[in-house]
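S.K.: What would the 3D arrangement of this be:
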Amino acid sequence: MDELIDDMLAKGPEAELVEAFGLALPSLVICRLLGVPYAEHEFFQSRTRLIVSATEDPAAGYTAMTEIRSFLDELVTAAERAPKDDLLGRLVTGGQLTHQELVGVIFLLLVAGHETTANMIPLGVLTLLRHPAQLAALRADPAGWPMAVEELLRYHSVVDWVAFDRVSTRDQEIGGQRVGKGEGIFVLGASANRDERVPGLRVTVADEDVPAKYDGVIFGLKALPVAW
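M.R.: Numbering: from 1, shown residues only. Reported below is the predicted structural model:
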């Protein structure tokens, strides 16, 4: 990561953050995890972009998926012959996954782990730069970063149509909606992350009526009446 930042700084006072850092960082991590040369990142970046595109010809996405799986099949085969001390090598030597299962796991890691991170980094940077007070608070107290990351993930929900697609095995009612046997159920991540039914917490008294610990050596509240 430091190398990528140093490279941006060395090239001048301006940079294109998506290409220079957002895409580059997860690509570098994936290459190291799988034990492949970083030069391969251009191949899987271009293919995963086609796979997750909603506007490209579906045939192009299918071709891209076939090419990536073929690439990963060869990668797994090489690791089975001579496993290295990397993630793929450890999965191979663990002996709990078949060849095709290994290809599937690595494919999921490549697409889900690469595209999501590559998109969240620039979105997170943009959001914090648009909210300087929150950014200043994080700079003053770096311990808040883990929670900030979780909130940014919830706020942007880059994977809206999450992999919770199910088929109902019986007639039933879910969330007040009738679902018949054999009907599909789809869950939208953004909807779950912004659910208007989640309790809307509010203070039920005026600020001047909130009892404070003016009589203590450590200031705080004696009580905070709330409702939702």
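S.K.: just the strands in this protein please.
M.R.: 166-167, 172-174, 177-179, 184-185, 202-203, 226-227 (DSSP state E).
S.K.: Can you list the neighbours in contact with the second one?
M.R.: Residues from elsewhere that reach strand 172-174 (CB atoms under 8 Å, 6 or more residues apart in numbering): 178-179, 185. Yep, even glycine has a C-beta here, placed from its N, CA and C like the rest.
S.K.: Relative to R32, how far out is the residue nearest in space to the middle of the chain?
M.R.: Closest to where the C-alpha atoms of the chain average out (CA atoms, centre = their mean) is T116, at 4.5 Å. Per CB to CB, to the nearest Å, T116 is found 18 Å from R32.
S.K.: Convert the C-alpha atoms of stretch 65-78 to PDB, please.
M.R.: Output of stretch 65-78 as PDB, limited to C-alpha atoms (Å, rounded to 0.1, in the frame of the first residue of the first chain):
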ATOM      1  CA  MET A  65     -16.100 -15.900 -17.000                       C
ATOM      2  CA  THR A  66     -15.000 -18.800 -19.100                       C
ATOM      3  CA  GLU A  67     -11.600 -17.200 -19.700                       C
ATOM      4  CA  ILE A  68     -11.100 -16.500 -16.000                       C
ATOM      5  CA  ARG A  69     -12.200 -20.000 -14.900                       C
ATOM      6  CA  SER A  70      -9.800 -21.500 -17.500                       C
ATOM      7  CA  PHE A  71      -7.000 -19.300 -16.100                       C
ATOM      8  CA  LEU A  72      -7.800 -20.300 -12.500                       C
ATOM      9  CA  ASP A  73      -8.100 -24.000 -13.500                       C
ATOM     10  CA  GLU A  74      -4.500 -23.800 -14.800                       C
ATOM     11  CA  LEU A  75      -3.500 -22.000 -11.600                       C
ATOM     12  CA  VAL A  76      -5.000 -24.700  -9.400                       C
ATOM     13  CA  THR A  77      -3.400 -27.400 -11.500                       C
ATOM     14  CA  ALA A  78       0.000 -25.900 -11.100                       C
END
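S.K.: Would you pull up how far that stretch lies from the middle of the chain?
M.R.: 24 Å (CA atoms, centre = their mean, to the nearest Å).
S.K.: what mean pLDDT does the helix ranked longest in the chain have?
M.R.: In the chain, taking DSSP state H as the definition, the longest helix is helix 99-130. Confidence over helix 99-130 (mean pLDDT, whole number) is 88.
S.K.: gap between stretch 108-127 and the chain center?
M.R.: With CA atoms, centre = their mean, you get 6 Å for stretch 108-127.
S.K.: Give me the buried stretch members for it, please.
M.R.: Neighbour counts over stretch 108-127 (16 or more other CB atoms under 10 Å) mark 109-111, 114-115, 117-125, 127 as buried.
S.K.: Need the residues that contact that stretch.
M.R.: Stretch 108-127 has contacts (CB under 8 Å, 6+ apart) with 17-18, 21-23, 25-27, 29-30, 33-34, 44-45, 48-49, 51-52, 68, 72, 87, 149, 152-153, 155-156, 158-159.
S.K.: quick one: pLDDT of N193?
M.R.: 81.
S.K.: And for V162?
M.R.: Reading off the model, V162 has pLDDT 61.
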